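> Need a 3D model of the following:
(chains A, B, C and D)
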2 protein chains.
Amino acid sequence: MTPRHAIPAANQLLFGLPPTEHAAFMAACEPATLVFGEVLVEPGAVIEHVYFPVDSFISLIVSLDDGDRLEVAMAGREGMMGVSLLLGVRESPLCALVQGAGAALRMDAARFQHLLLSCPALHKRLLRYLYVVMNQLAQTAACTHFHQVEARLARWLLMTHDRASSNNLQLTHEFLAVMLGVRRAGITQAAMALQARGLISYQRGNITVLDRAGLIEASCGCYHADRLLYARVLGDQHSGT
Amino acid sequence: MTPRHAIPAANQLLFGLPPTEHAAFMAACEPATLVFGEVLVEPGAVIEHVYFPVDSFISLIVSLDDGDRLEVAMAGREGMMGVSLLLGVRESPLCALVQGAGAALRMDAARFQHLLLSCPALHKRLLRYLYVVMNQLAQTAACTHFHQVEARLARWLLMTHDRASSNNLQLTHEFLAVMLGVRRAGITQAAMALQARGLISYQRGNITVLDRAGLIEASCGCYHADRLLYARVLGDQHSGT
DNA sequence: GCGTCTATGTACGCTAGCGTGCCGACGCAT
DNA sequence: ATGCGTCGGCACGCTAGCGTACATAGACGC
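Below is the predicted model:
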């Protein structure tokens, strides 16, 4: 683990940028504090700001006509909220919900779009990130359909654990049920199973990750696949693909 | 319906381009004939060519580690195959399978990426298309999870019907089962129900659409939502968003 | 301490869809 | 015309997850 002071708390999408671009980015954005439960953008609404979480993370949720909701992606330190601006569209189809409170960098949407014109390296990197997101969407579609609640829960906890900087996650079964699109009772059952295996423990809205490796084993391969893809496309700055 | 000779058989993504860009595009690509069942790109492989179906259409399929497969998007006259090149990534995560044989325009991947640099209008339009695709992925994730086989089948038939130029679709239950990620017997049941309602008829690998409006009613709202989004983002050339 | 609220455990019947396997029917090739 | 392979109908028991409802048990304010 790199100590905090070596790489100042920042967003991974900003890693490895040329100094001028990094400076331009930092000059254009401002620090923001995201509050748990805050909705950064409603589905179909115009995006006012883009967010680059530093310390916080955001759930991206699709809502169907009939009211069903499902989390389809997550953005933490490794990602951003507002990718559709990269595609020249100012609205977001998904709902963005702050799921982990904390710090983020935020920038006015118009300014962001303008900034991209003068920051080719940043632009390029963000597009690659978008590629990763697209894959996660596709992967999630299949995962949600084929895999069982217990494995999906394990995957979800791992993804959250990666983005939260603590082993302690403030999550109720109720909330998890909405994210995974299942009943609360279904979560309770799956959580009990994971707890019985010693992978997590929990009480009243507080889940503790005890055994990451075990959780990975309990999760479907989708967790691992996601991470591999991210590393391949965005981790190694020298990779071509 | 616009007669064929008025708008020459072409791909909708090329509509409304400045003449120079259109000419540059046409000069760089070549006609191709897609054969039913052909795999244009394997998951994880490098994209050799991008395809713009004219008369044909392509299924985009995600494959999980454990072998499960699910169709997550479709590209016909309204779309293209190879969007990840727009993001600067030369590989495709999804499998592209020719599902409707016919004509397409095809271009070498490198040439395509190069062409985009000199065709800003085209580039912009394709990015907007990508936005639509992303939404369809998210929508499909939720649809696949929440909606029943019968409604999903109706949606799928409608999407196919839009892209095939005929009321007659060459499809076996077996194939549909793979696309929707369900058992063949599940398709048989759903198809029988749709047939009983007079919406389709079928025999031995040949499904006929009898009542489009009825099918729309039988489908989940996802079909309609998809179309609306496409129209809003790509249909009206004057829309800002 | 007491009431209240919220989170979790549990139970019951129900349904969609699964896995499997078999049969009949159609159609193509010999 | 015969035979074989493909396609579709069907049936069996099974399971995951649903909808609903109710009961306990921490947490928190007063």
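> what element comes up after the helix or strand containing A:Thr20 heading to the C-terminus?
According to DSSP states H and E, A:Thr20 maps onto helix A:19-28. Moving toward the C-terminus from helix A:19-28, the next helix or strand (DSSP H and E) is strand A:30-34.
> Run through who's touching that following strand.
A:40, A:49, A:51, A:53, A:56, A:58, A:98, A:100-107 (CB atoms under 8 Å, 6 or more residues apart in numbering or on different chains). C-beta coordinates here come from the backbone N, C-alpha and C atoms, glycine included.
> Stretch A:146-159 now?
Against stretch A:146-159 from outside (CB under 8 Å, 6+ apart): A:71, A:74, A:143-144, A:169, A:176, A:179-180, A:182, A:186-187, A:189-191, A:193-194, A:199-200, A:207, A:209, A:212, A:215-216, A:218-220, A:222-223, A:226, B:64, B:66, B:68, B:70, B:181.
> So what's the gap between that stretch and the chain middle?
15 Å (CA atoms, centre = their mean, to the nearest Å).
> And DNA strand D, is that stretch touching that?
Yes - judged by CB under 7 Å from any atom of the strand, stretch A:146-159 and DNA strand D are in contact via A:Gln148, A:Val149, A:Glu150.
> all helices for chain A, in order.
All helices of chain A, identified by DSSP state H, fall at A:19-28, A:109-118, A:120-146, A:149-163, A:173-180, A:184-196, A:212-218, A:221-230.
> what residue ranges in chain A are flagged as low confidence?
In the predicted model of chain A, residues A:1-9, A:236-241 satisfy pLDDT under 70.
> How is it partitioned into domains?
A:12-119, A:148-219 (automatic domain parsing).
> do you know which of those lies nearest B:Pro18?
Nearest of the domains of chain A to B:Pro18, taken as CB to CB: domain A:12-119 at 16.7 Å.
> does any part of that closest one sit near DNA strand C?
No - Domain A:12-119 does not reach DNA strand C (CB under 7 Å from any atom of the strand); its nearest approach is 11.2 Å.
> for the domains of chain A, which one sits closest to B:His161?
domain A:12-119 (20.9 Å).
> can you redo the helices of chain A as JSON lines with distance to B:Lys124 and mean neighbour count?
Putting these into JSON lines (distance: least, CB to CB, whole Å; neighbours: other CB atoms under 10 Å in any protein chain shown) gives the following:
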{"stretch": "helix A:19-28", "distance to B:Lys124": "22", "mean neighbour count": "14"}
{"stretch": "helix A:109-118", "distance to B:Lys124": "12", "mean neighbour count": "15"}
{"stretch": "helix A:120-146", "distance to B:Lys124": "14", "mean neighbour count": "22"}
{"stretch": "helix A:149-163", "distance to B:Lys124": "33", "mean neighbour count": "22"}
{"stretch": "helix A:173-180", "distance to B:Lys124": "34", "mean neighbour count": "19"}
{"stretch": "helix A:184-196", "distance to B:Lys124": "43", "mean neighbour count": "17"}
{"stretch": "helix A:212-218", "distance to B:Lys124": "41", "mean neighbour count": "16"}
{"stretch": "helix A:221-230", "distance to B:Lys124": "27", "mean neighbour count": "18"}
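> can I get the ones you listed in JSON lines with distance to B:Leu234?
As requested, the helices of chain A are arranged in JSON lines below (distance: least, CB to CB, whole Å):
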{"stretch": "helix A:19-28", "distance to B:Leu234": "30"}
{"stretch": "helix A:109-118", "distance to B:Leu234": "19"}
{"stretch": "helix A:120-146", "distance to B:Leu234": "18"}
{"stretch": "helix A:149-163", "distance to B:Leu234": "32"}
{"stretch": "helix A:173-180", "distance to B:Leu234": "31"}
{"stretch": "helix A:184-196", "distance to B:Leu234": "39"}
{"stretch": "helix A:212-218", "distance to B:Leu234": "41"}
{"stretch": "helix A:221-230", "distance to B:Leu234": "28"}
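> closest one to A:Gly79 among these?
helix A:120-146 (6.4 Å).
> and that closest one, does that touch DNA strand C?
No - Helix A:120-146 stays clear of DNA strand C (CB under 7 Å from any atom of the strand), getting no nearer than 8.3 Å.
> Show me how far that helix is from its chain's centre.
11 Å.
> same deal with stretch A:62-70?
The answer for stretch A:62-70 is 19 Å, by CA atoms, centre = their mean.
> Could you see whether chain B lies near that stretch?
Yes - counting by CB under 8 Å from any CB of the partner chain, chain B has neighbours in stretch A:62-70: A:Val62, A:Leu64, A:Asp65, A:Asp66, A:Asp68, A:Arg69, A:Leu70.
> Quick check: end-to-end length of that stretch?
5 Å (CA to CA, to the nearest Å).
> and what of stretch A:139-153?
15 Å.
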